[in-house]
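1. test case, fold it:
(one chain, ligands or ions: 2)
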Amino acid sequence: MNQALQPKVVIVIFGATGDLASRKLYPSIYNLYKKGQLSENFAVVGLARRPWTDEVLRENVEKSVDKAFSPNEDLSEFASHFYYQSFDVTDDSTYAGLNTLMSKLDETYQTEGNRLFYLAMAPNFFGMIAKKLKEYGLKESNGWTRLIIEKPFGHDHPSAEDLNNEIREAFDEEQIYRIDHYLGKEMVQNIEVIRFANGIFEHLWNNQFISNIQVTASEVLGVEDRARYYDDSGAIRDMLQNHIMQIVSLLLMEPPIKLTTDEIRSEKIKVLRALRKIEEDKIDQYFVRGQYDAGEIDSEAVPAYRAEDQELAESNTETYVAGKLVIDNYRWAGVPIYIRTGKRMAKKAINIVIQFKDLPMNLYYKSSKERYPNLLNISIQPNEGITLTLNANKSGSGTLAEPIHLAYNQHAVPGINTPEAYEKLLFDCMVGDATNFTHWDEVALSWKFVDPILNAWSTKKADFPNYKSGSMGPKAADELLEKDGFHWWDI
Ligand SMILES: NC(=O)C1=CN([C@@H]2O[C@H](COP(=O)(O)OP(=O)(O)OC[C@H]3O[C@@H](n4cnc5c(N)ncnc54)[C@H](OP(=O)(O)O)[C@@H]3O)[C@@H](O)[C@H]2O)C=CC1
Ligand SMILES: O=C1O[C@H](COP(=O)(O)O)[C@@H](O)[C@H](O)[C@H]1O
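-> Ligands and ions are numbered 1, 2, ... in the order given. Model (predicted):
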């Protein structure tokens, strides 16, 4: 391992007793450590209100690593890098003590003054924490200081702008890493490579050859124990405004002139600027909302969203959204981009289908009904790979062409490592690479796009529940494509 790429750092996790920290962050830090991507010169300070001690945090870190990987080894040396401080972010008296602890750990672990603050807490605390970090001199050190902020970044465009201004008063843009964990997924990062390293695709990647694009992020899980957060967010804020919009901009952007953070961001931003904003009174022509009803998944009965928690009994929150996005630029004019995401759907998958246009005349099929278009399927999750559907004459089928599938599955290739998204992004942040983090302009443009949908739907009560758990969403989402002569491809 190149020593220059082995960050030395004190990582401070706000929200150290929470779900994200234990399910994602501790296992990711462990993997980085095991792979030598973190040197011995690191310490982690966990903060939350619970009266834990260093020992309790270390036990929990070991448990979460065990649960994630069952590494079957003594984790105590790794866990000894973790320290806990009981800390209420709203209480000013706790910040000074944190500074003392960080300076001590900097000395003990020789971390060269590098500080990474990870805000893994409810978003309403983000602005306040950033302000306090500045006020109490915690961001001043003789190394680098960076701040990772979880999503959702704001609740709508005005609140996101307020939050951004608050954070920018304390940190420079280059120090701010707005995390979107989808950007750390192997196959999301692969979208650029598939597009820009293959002549056969890039030449066809436009409205002359592509008829429509479909992006699906379906989940089997329901709201789990996040009812309060989720009911306030819904599928638009939870998935569309961030993860889906990021995938869409990577799919549609122009080739950057260089693979640098600024050049890639600038191309993604142009896509978001070209996205047609739909007026509130036309939202229902372009978007469909849904909320799950009771149903069956994997032969098990599951309750309706409204029955998941007393607080949800009369909820008007969407657990599903599908939509047709329109891009007003030369490359994409006339190509609908269909997106859908929802909870309690038939399967867990993140999948992109690029449907190519038909030939002007088809010699090999009995009727146009049997024509099968060429499809490029990019599977991000759970399988990671690409499948190209072509037509060929299978043996014994006479002059008829039939679809065949050329498939590449990353999991099937020995030796290819598919690290967890958080692991990659944590490492990127520690080495100062912000390419796979969202710039404020992207966040702002995404909110400006979704705000009219949120406004239109908040004023009108929906006819919920309108899709069965275990299905692929409401019927209206199928009709959205049918009226354009398309249908959702199986994923
Ligand atoms: N969980 C997930 O899979 C994902 C989460 N996220 C985002 O990550 C962030 C954290 O989510 P998650 O871990 O699920 O949330 P949790 O509710 O599980 O954790 C919240 C954490 O904040 C701490 N906390 C709450 N109030 C205070 C306070 N006043 N002072 C100090 N600590 C406090 C809690 O600990 P204590 O009660 O001990 O104080 C706990 O450690 C959110 O922004 C979420 O949107 C994003 C993507 C996925
Ligand atoms: O950010 C979020 O993402 C998860 C889905 O992430 P994935 O990596 O499992 O696809 C989603 O369940 C959650 O509601 C949302 O906040």
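
2. can you name the residue of the stretch 251-400 of the chain nearest ligand 1?
-> K343 (13.2 Å; C-beta to the nearest ligand atom). All C-beta atoms are positioned from the backbone trio N, CA, C, and that covers glycine.

3. my bad, the chain
-> G18 (2.3 Å).

4. give me the below-cutoff pLDDT ranges for the stretch 1-150 of the chain.
-> Low-confidence segments of the stretch 1-150 of the chain (pLDDT under 70): 1-4.

5. from memory V215 sits against I337, does it?
-> Yes - counting by C-beta atoms under 8 Å, I337 is a contact partner of V215 at 7.1 Å.

6. which residues are common contacts for those two?
-> Counting by C-beta atoms under 8 Å, 6 or more residues apart in numbering, the residues touching both V215 and I337 are 248, 251.

7. neighbour-wise, which of the two wins?
-> Taking neighbours as other C-beta atoms under 10 Å, V215 and I337 compare with V215 leading, 23 against 20.

8. residues from the stretch 151-300 of the chain in reach of ligand 2?
-> Contact residues, the stretch 151-300 of the chain versus ligand 2 (C-beta under 6 Å from any ligand atom): 219, 238.

9. okay, now the residue in the stretch 151-300 of the chain positioned nearest to ligand 2: neighbour count?
-> Residue of the stretch 151-300 of the chain nearest ligand 2, by C-beta to the nearest ligand atom: D238 (4.7 Å). Around D238 there are 23 other residues, counting by other C-beta under 10 Å.

10. does the residue lying closest to it once chain neighbours are set aside count as helix, strand or coil?
-> Closest residue in space to D238, ignoring its immediate chain neighbours: Y230 at 6.6 Å, by C-beta to C-beta, 6 or more residues apart in numbering. The local conformation at Y230, judged by DSSP: H, G, I helix; E, B strand; the rest coil, is helix.

11. interface residues of the stretch 351-491 of the chain facing ligand 2?
-> Neighbours of ligand 2 within the stretch 351-491 of the chain, by C-beta under 6 Å from any ligand atom: Q381.

12. give me the residue from the stretch 351-491 of the chain nearest ligand 2.
-> Of all residues in the stretch 351-491 of the chain, Q381 sits closest to ligand 2, at 5.9 Å by C-beta to the nearest ligand atom.

13. that residue against E186, yeah?
-> No - counting by C-beta under 8 Å, Q381 sits too far from E186 to count as a contact (9.4 Å).

14. tell me which residue of the stretch 1-150 of the chain lies closest to ligand 2.
-> E150 (8.8 Å).

15. to what extent is that residue buried, counted in neighbours?
-> By other C-beta under 10 Å, 19 other residues sit near E150.

16. mind starting the numbering at 41 from now?
-> Will do, 41 is the new start, and the previous item becomes E190.

17. which ones are touching it?
-> Contacts of E190 by C-beta under 8 Å, 6+ apart are 60, 159-161, 163, 166, 219.

18. check those residues for burial and list the buried ones.
-> Among the contacts of E190, those classed as buried by 16 or more other C-beta atoms under 10 Å are 60, 159-161, 163, 166, 219.

19. ok, residues contacting the helix or strand harbouring V490?
-> Using DSSP states H and E, V490 sits in helix 480-498. For helix 480-498, contacts defined as C-beta under 8 Å, 6+ apart pick out 193-194, 196-197, 200-201, 204, 213, 216, 218, 276-277, 280-282, 285-286, 289, 305, 308-309, 312-313, 315, 317-321, 323-324, 327, 329, 358, 361, 363.

20. and the next element down the chain from that helix?
-> For helix 480-498, the following helix or strand on the C-terminal side (DSSP H and E) is strand 507-509.

21. please identify the buried residues of the next helix or strand after that following strand?
-> Moving toward the C-terminus from strand 507-509, the next helix or strand (DSSP H and E) is helix 515-522. Neighbour-count burial for helix 515-522, counted by 16+ other C-beta under 10 Å, picks out 516-518, 520-521.

22. sorry, back to before: also near ligand 1: which of the contacts of E190, exactly?
-> Answer for these near ligand 1 (C-beta under 6 Å from any ligand atom): 60, 160-161, 163.

23. from the residues you listed, which land in helices?
-> In helices, judged by DSSP state H, the following of the ones next to ligand 1 among the contacts of E190 are found: L60.

24. correct me, but M385 touches G513?
-> Yes - with contact defined as C-beta under 8 Å, M385 and G513 form a contacting pair (6.4 Å).

25. what is in contact with those two at once?
-> With C-beta under 8 Å, 6+ apart, M385 and G513 have common neighbours Y360.

26. CA atoms only for stretch 129-149 - export them in PDB, please.
-> These are the backbone C-alpha positions of stretch 129-149, laid out as PDB (Å, rounded to 0.1, in the frame of the first residue of the first chain):
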ATOM      1  CA  VAL A 129     -25.000  18.200  20.600                       C
ATOM      2  CA  THR A 130     -27.400  20.800  21.900                       C
ATOM      3  CA  ASP A 131     -25.300  21.300  25.100                       C
ATOM      4  CA  ASP A 132     -22.500  23.800  24.600                       C
ATOM      5  CA  SER A 133     -20.600  22.600  27.600                       C
ATOM      6  CA  THR A 134     -19.600  19.300  25.900                       C
ATOM      7  CA  TYR A 135     -17.700  20.700  22.900                       C
ATOM      8  CA  ALA A 136     -14.600  22.000  24.800                       C
ATOM      9  CA  GLY A 137     -14.000  18.500  26.200                       C
ATOM     10  CA  LEU A 138     -14.200  17.000  22.700                       C
ATOM     11  CA  ASN A 139     -11.400  19.400  21.600                       C
ATOM     12  CA  THR A 140      -9.200  18.200  24.500                       C
ATOM     13  CA  LEU A 141      -9.800  14.500  23.600                       C
ATOM     14  CA  MET A 142      -9.100  15.100  19.900                       C
ATOM     15  CA  SER A 143      -5.800  16.800  20.600                       C
ATOM     16  CA  LYS A 144      -4.800  14.000  22.900                       C
ATOM     17  CA  LEU A 145      -5.600  11.300  20.300                       C
ATOM     18  CA  ASP A 146      -3.800  13.300  17.700                       C
ATOM     19  CA  GLU A 147      -0.700  13.100  19.800                       C
ATOM     20  CA  THR A 148      -1.200   9.400  20.800                       C
ATOM     21  CA  TYR A 149      -1.900   8.200  17.200                       C
END
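
27. which residues are contacting that stretch?
-> With contact meaning C-beta under 8 Å, 6+ apart, stretch 129-149 is reached by 48, 50, 52, 54, 80-83, 85, 87, 121, 123, 125, 127-128, 151-153, 155, 161, 165, 168-169, 172-173, 175-178, 181.
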